[in-house]
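how does the following fold in three dimensions:
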Amino acid sequence: MAVAASVSRATAARALSHHGYVGDETATRVQEAADRLGYRANRVAQALRSGQLPIAGFIPGDIQNPFFAGIAHDLEVELRKHGHNLLIASSGDNAAQERELLESLRALGLCGFVLTPASAASSQHIAKLARDGVPCVLIDRVAKGARCDSIVVDNVGGARAAVDYLVANGHRRIGFLRDDSQIFTAQERLAGYLRALTGHGIVPEKQLIARSRSVVEHAIAATTRLFRRRNKPTALFTVDSLMTQGALLGLRAMGLQVPHDVSLIGFDDFSLATFTDPQITVVAQPTAEIGALAARLLIERLAGDMADPQHIRFPTQLIVRGSVSCPPAR
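A predicted model of the protein is given here:
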């Protein structure tokens, strides 16, 4: 191509990469030659020479979760504005798999990461990532000892608001469908549920707390087990949107109507929550704000911002719809 444009290879390289001075006439001639020959710059090769790809990694627990899918979309939109692309790889909420993903993606030269720590065991390798100078933003969960920016929500307050609303509608036996893992959000939402009950003078009952993997099919089974008990709950609070969907399907399979037989509130809003009959009352997180802010924080770190890490906690919002009523008379 340099021959076709009658310039040296160095001049052609400067013209195509827009680095270094090249006269306007020469630059035009090089670009015209590139167009004729169908030349496309190899961004990977250019990035490898500079030691960094213009690609950020996003490692959520499970990309099938609507919350993380929404975050991924907003991250990609915001990063693209700054000339970066996004690579997504789910950890499956497994700390060992998360560590392997980080090592593999770092070896590829990714510029930085947005991730949701899989568990408390994630803290060690995430802290090392920060010590090595790799820009990293944590969302939804935190990693103890890691000097990284973090964005979470008030999980405890959101769970308390849900239980407070159920109690205000006359419920005393409130079931809780939770993730069986030890992740940060599950622990905080459980704490909020328990604090709300005790705050209203209600003694928490272990048999009203059902465990399940955050998978619709598992949530169906856990809901069925919970409501087959003799003294079943009059209301159910679920820990995330996949659990909410599973609970709704499980209740319907048992012939229980929401909210006539059972009231239901879920943590996390999701699109189907407004397409059901009745629509589902939820504790909503500001998903769009979280994704966009995470991208901006990462871009600032990539640009050389060396300030102390920012730790941001957003409030949640209880969105009241039609899935809660007074408990049925018994």
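
quick one, helices of this protein?
For the chain, helices defined by DSSP state H occupy the ranges 9-17, 24-37, 43-50, 66-81, 95-107, 123-131, 155-168, 184-199, 216-227, 241-253, 287-302.

quickly compare the ones you listed and say which is most buried.
Across these, averaging neighbours per residue (mean count of other C-beta atoms under 10 Å) puts helix 241-253 on top, at a mean of 23. Backbone N, C-alpha and C define where each C-beta goes, glycine included.

list the helices and strands it packs on?
The contact analysis (3 or more C-beta pairs under 8 Å, 6 or more residues apart in numbering; DSSP states H and E) places helix 241-253 against helix 66-81, strand 174-179, helix 216-227, strand 235-238, strand 263-267.

again, 10 Å this time
Secondary-structure packing of helix 241-253 (3 or more C-beta pairs under 10 Å, 6 or more residues apart in numbering; DSSP states H and E): helix 66-81, strand 174-179, strand 209-212, helix 216-227, strand 235-238, strand 263-267, strand 281-284.

nearest to A120, of those?
Counting by C-beta to C-beta, A120 lies closest to strand 174-179 out of those; the figure is 14.3 Å.

give me the helices and strands touching that closest one, please.
Short answer (3+ C-beta pairs under 10 Å, 6+ apart): strand 174-179 packs on helix 155-168, helix 184-199, strand 209-212, helix 216-227, strand 235-238, helix 241-253, strand 263-267.

make it 8 Å
Using 3+ C-beta pairs under 8 Å, 6+ apart: strand 174-179 touches helix 155-168, helix 184-199, strand 209-212, helix 216-227, strand 235-238, helix 241-253.

in its sheet, what does it sit against?
Strand 174-179 has its sheet partners listed here by DSSP bridges as strand 209-212 (parallel), strand 235-238 (parallel).

so which bits of the first one are buried?
Spelled out, that is strand 209-212. Within strand 209-212, the residues that count as buried by 16 or more other C-beta atoms under 10 Å are 209-210, 212.

any idea which of the residues you listed is least confident?
Taking the buried residues of strand 209-212 together, the minimum pLDDT is found at S212 (90).

return the distance of the residue nearest to it when sequence neighbours are not counted relative to L297.
In this structure, S212 finds its nearest non-sequential neighbour in A222, 3.6 Å apart by C-beta to C-beta, 6 or more residues apart in numbering. As judged by C-beta to C-beta, to the nearest Å, A222 and L297 stand 36 Å apart.

now swap in P315 and tell me
Distance from P315 to L297, counting by C-beta to C-beta: 19 Å.

what does Q124 give?
The spacing between Q124 and L297, counted by C-beta to C-beta, is 22 Å.

D308 too?
Using C-beta to C-beta, we find D308 at a distance of 12 Å from L297.

name the residue closest to the centre of the protein, please.
In the chain, the centroid-proximal residue (C-alpha atoms, centre = their mean) is F68; its distance is 3.5 Å.

ok, now which ones touch it?
60-62, 116 (C-beta atoms under 8 Å, 6 or more residues apart in numbering).

could you redo the last one with a cut-off of 6 Å?
Shown in contact with F68 (C-beta atoms under 6 Å, 6 or more residues apart in numbering): P60.

contacting residues around stretch 210-217?
For stretch 210-217, the external contacting residues (C-beta under 6 Å, 6+ apart) are 177-180, 218-219, 222, 226, 240, 242, 245-246.

pick the one among these closest to A284.
Nearest to A284 among the contacts of stretch 210-217 is D240, at 12.1 Å by C-beta to C-beta.

mind checking how far that closest one is from V134?
Going from D240 to V134 by C-beta to C-beta gives 29 Å.

the more surrounded of these two?
Per other C-beta atoms under 10 Å, whichever of D240 and V134 has more neighbours is D240, with 24 against 19.

surely that one meets F270?
No: with contact defined as C-beta atoms under 6 Å, D240 and F270 do not form a contacting pair (9.1 Å).

my read: P286 touches T316, true?
No: if you go by C-beta under 6 Å, P286 and T316 don't touch, sitting 8.1 Å apart.

for P233, which non-adjacent residue is spatially closest?
G175 is the one closest to P233 (C-beta to C-beta, 6+ apart), at 3.5 Å.

count the residues that sit near that neighbour.
G175 - counted by other C-beta under 10 Å - has 26 other residues nearby.

kindly report the same for C111.
C111: 21 surrounding residues under other C-beta under 10 Å.

got the phi and psi for it?
Backbone torsions of C111, given as degrees, to the nearest 10, read phi -80, psi -20.

ok so, going back, now the residue nearest to S212: how far from G158?
Taking C-beta to C-beta as the measure, A222 and G158 are separated by 21 Å.

could you do V167 as well?
With distances taken as C-beta to C-beta, V167 is found 15 Å from G158.

follow-up on the earlier one: which of P286 and T316 has more neighbours?
More crowded of P286 and T316, by other C-beta under 10 Å: T316, with 24 against 15.

which residue packs closest to that one, ignoring adjacent ones?
Here the nearest residue to T316 in space, its sequence neighbours aside, is G158; by C-beta to C-beta, 6+ apart that works out to 3.5 Å.

quick one: pLDDT of that neighbour?
According to the prediction, G158 has pLDDT 98.
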